[in-house]
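Chemist: Just a sequence and a predicted model for now, questions to come.
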Amino acid sequence: MADSPNCDLKSLSPLQLFERVTEQGEKVRALKAGKAPKDEIDAAVRMLLSLKLSYKATTGQDYQAGLPPKDLVLINNGTNKEEDEDFVDPWTVQTSNAKGVDYAKLIVRFGSSKIDTDLINRIERATGQKPHRFLRRGIFFSHRDMDQILDAYENKKSFYLYTGRGPSSQAMHVGHLIQFIFAKWLQEVFDVPLVIQLTDDEKYLWKDLTTEKAYEYARENAKDIIACGFDINKTFIFSDLDYLGTSTGFYKNIVKVQKHVTFNQVKGIFGFTDSDCIGKISFPAIQAAPSFSSSFPQIFNGKENIQCLIPCAIDQDPYFRMTRDVAPRIGQPKPALLHSVFFPALQGAQTKMSASDPNSSIFLTDTPKQIKTKINKHAFSGGRDTIEEHRKYGGNCDVDVSFMYLTFFLEDDDRLEQLKQAYTSGELLTGELKKVLIETLQPLIAAHQERRKQVTDEVVKQFMTPRKLAFEF
Ligand code: TRP
C-alpha cells in the first residue's frame, strides 16, 4: 500500500491508535467536504484504511467510531494481512485487488447469505421465468431473508419492492442502472408494487448543494429511472424533500426508528463523529422508513405488515442492518435484501465509478462516438502488452473491464462464454473485445436516450404523486 502508516504505529497503545483513526477519519471528511483533489482524498482514505487495519491487528476488534477499545485481545502475531482486506461503507469502496472486492469475504463479514444455485432455482420455480442474467452471473450475489419472501409468495402473500437513489448530480452512468434494471425485472416477474426513494435531503446534507438544486436533480434522475420502463400503475417515485412533509405515515416511522437507535449505534455503523451535523446523524432513519409499508398508506390501504424486499448495491447494507435491528422493536417485519456487486470504473475494478469523473464511466448522455472513445482509451485491459504475447499467453478476463461490462450487459450466455474462451486463449485481441462492448453499449444507450425523451414533466409528476397503485391490499 502506497502510504502505509509509519512503523511507529506498532508502539502506540490501542487507545492512541483509536485516536489516530478518529483524527484521520475527520481529515478525510474535511477533504471531501472541501472538495480537495481526488488523489489527495484517495491518499487520505488509504491512510485511514491502513490505520483501521493496524487498529484491528492490535486490538482484534473492528474500529468503531465513538467506541474506544475495550476487552483487548492481542492477536497481532506479526503477519501482515493488509493486502487482502477490502473496505466498504456507503461512502467508500476500496480494495487493492484488480479483480475487485472479495465478495465471498464480504458475505462473511456482513453476515448475509450467498445467493446460491438452490435459491436461484427456487426463484425460477416460483416465478416460472428464466432467472435474470444478474442472478445467473452472480451480479446479485448476496441476500437477507429472500427465502422468507419466497415462502410468503408461494403462499399467495404479497410483498413490495423498495429501492432508491441519491441524486447527487444530473449525470447518471450505466452503473446506476443495475439496481433499476433488476428492480424492473423483479416487479415484472412477481407483479408487485415498487417504491423508489430519491434522497435529495441526503445529498443536500452531504454535498455542497442547495435544497432547490438537490430537488431538481431528483426530478432529472427520475426521468432516467422512468426511462428504464417502469409501469406507472405499479410504481411510486418520491423525493424526500417533497413526500416527507405530506405523509403522516412516513414521518411516524421515521420518529419510531429515531427513538430506537442511539447516537453510539450510528457512530458505530456509519462512522459519524461529534462534529457531523445532526441532519446526517438522523438521516439513516429516513432511508430506513420506506422499508415499512405503513410509510405508504395510500398504496397499502394503511396496512402495516406487508413485507418489503430491497434490491441494492452491497454498500447500502449498513442502513438496512440498522433497519432490521429496529424492525421487531417497533412491531414491523424486517425488510429482506438482495445485494449486488459494484459496477467497476473503466479504469479497473478497484473502485466504484464516480459521477464526478467523466472518464470513469459511460454516462447515459454519452454519444456513440464518446462511448467508443472512452472504451478504447480508458477501459482497463487484461490483455498482453504485444500481439505476439497475447496470442501466446492469452488475456485475463478476471481483470479486463470490457469483459466485466459485457457480463453486465450482454444477454446471450453462449456468446459471452465464447468471448471468454477466445480472449483467454489469445485468439481474440483486446481491440476486438472492446469492439464487442462498444457495439453492445451504443444501441443500449441510444435506446435509453430515446425513451428518456418521451418522459415529460407531466409523466414525472404522475409517477411522483402519492396515490393508490394497481394493487388491492
Ligand atoms: N443512499 C442511497 C444513495 O446514495 C439512496 C437510497 C435510498 C437507496 N434508499 C435506498 C439505495 C434503498 C438502495 C436502496 O444512492
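Modeler: In hand now; what should we look at?

Chemist: can you list the residues of this structure near the ligand?
Modeler: 163-166, 197, 199, 202, 287, 310, 312, 316 (CB under 6 Å from any ligand atom). Every residue, glycine included, has its C-beta placed from N, CA and C.

Chemist: out of the residues you listed, which are inside helices?
Modeler: 202, 287 (DSSP state H).

Chemist: CSV please, covering the residues of the chain next to the ligand and showing neighbour count and pLDDT.
Modeler: Below are the residues of the chain next to the ligand laid out as CSV (neighbours: other CB atoms under 10 Å; pLDDT from 0 to 100):
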residue, neighbour count, pLDDT
Thr163, 22, 98
Gly164, 23, 98
Arg165, 24, 98
Gly166, 22, 97
Gln197, 26, 98
Thr199, 22, 98
Glu202, 24, 98
Gln287, 25, 98
Ile310, 24, 98
Cys312, 22, 98
Gln316, 21, 96
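
Chemist: Okay, strands next: where are they in the stretch 151-300 of the chain?
Modeler: Ranges of strands in the stretch 151-300 of the chain, per DSSP state E, counting those that start in this stretch, are 159-165, 194-198, 235-239.

Chemist: Would you format the ones you listed as CSV with distance to Ile375 included?
Modeler: Below are the strands of the stretch 151-300 of the chain laid out as CSV (distance: least, CB to CB, whole Å):
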stretch, distance to Ile375
strand 159-165, 25
strand 194-198, 29
strand 235-239, 31
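
Chemist: which among the residues of the chain next to the ligand gets closest to Gly175?
Modeler: For the residues of the chain next to the ligand, the closest approach to Gly175 (CB to CB) belongs to Arg165, at 11.5 Å.

Chemist: quick one: that closest one and Tyr217 touch, right?
Modeler: No - the criterion here is CB atoms under 8 Å, and Arg165 misses it with Tyr217 at 9.8 Å.

Chemist: Look at the nearest residue to Lys56 once chain neighbours are set aside and say how many residues are nearby.
Modeler: Nearest in space to Lys56, with sequence neighbours left out and distances taken as CB to CB, 6 or more residues apart in numbering, is Asp62 at 5.9 Å. Close neighbours of Asp62, defined as other CB atoms under 10 Å, add up to 11.

Chemist: Helix, strand, or coil at Asp62?
Modeler: Put simply, Asp62 is coil when judged by DSSP: H, G, I helix; E, B strand; the rest coil.

Chemist: confidence score at it?
Modeler: Note on Asp62: pLDDT of 80.

Chemist: Tell me what Leu309 is bridged to.
Modeler: Leu161, Ala336 (DSSP bridges).

Chemist: Do you know the pLDDT at the closest residue to the ligand within the stretch 1-150 of the chain?
Modeler: Using CB to the nearest ligand atom, the closest approach of the stretch 1-150 of the chain to the ligand is made by Pro90 at 6.3 Å. pLDDT, Pro90: 83.

Chemist: Leaving out chain neighbours, which residue sits closest to it?
Modeler: Asp315 (5.3 Å).

Chemist: got the contact list for the one you found?
Modeler: Applying CB atoms under 8 Å, 6 or more residues apart in numbering, we find Asp315 in contact with 88-90, 93, 342, 352.

Chemist: contacting residues around the most centrally placed residue in the chain?
Modeler: In the chain, the C-alpha nearest the mean C-alpha coordinate belongs to Ala313, at 2.7 Å (CA atoms, centre = their mean). With contact taken as CB under 8 Å, 6+ apart, Ala313 is in contact with 178-179, 339-342.

Chemist: Low-confidence regions, the stretch 251-400 of the chain specifically.
Modeler: Along the stretch 251-400 of the chain, segments meeting pLDDT under 70 span 351-355.

Chemist: now do 90
Modeler: By pLDDT under 90, the low-scoring segments of the stretch 251-400 of the chain are 349-360.

Chemist: For the ligand, what is the nearest residue in it?
Modeler: Residue nearest to the ligand within the stretch 251-400 of the chain: Cys312 (3.5 Å; CB to the nearest ligand atom).

Chemist: For Ser142, see how far away that residue is.
Modeler: Distance, Cys312 to Ser142, using CB to CB, to the nearest Å: 11 Å.
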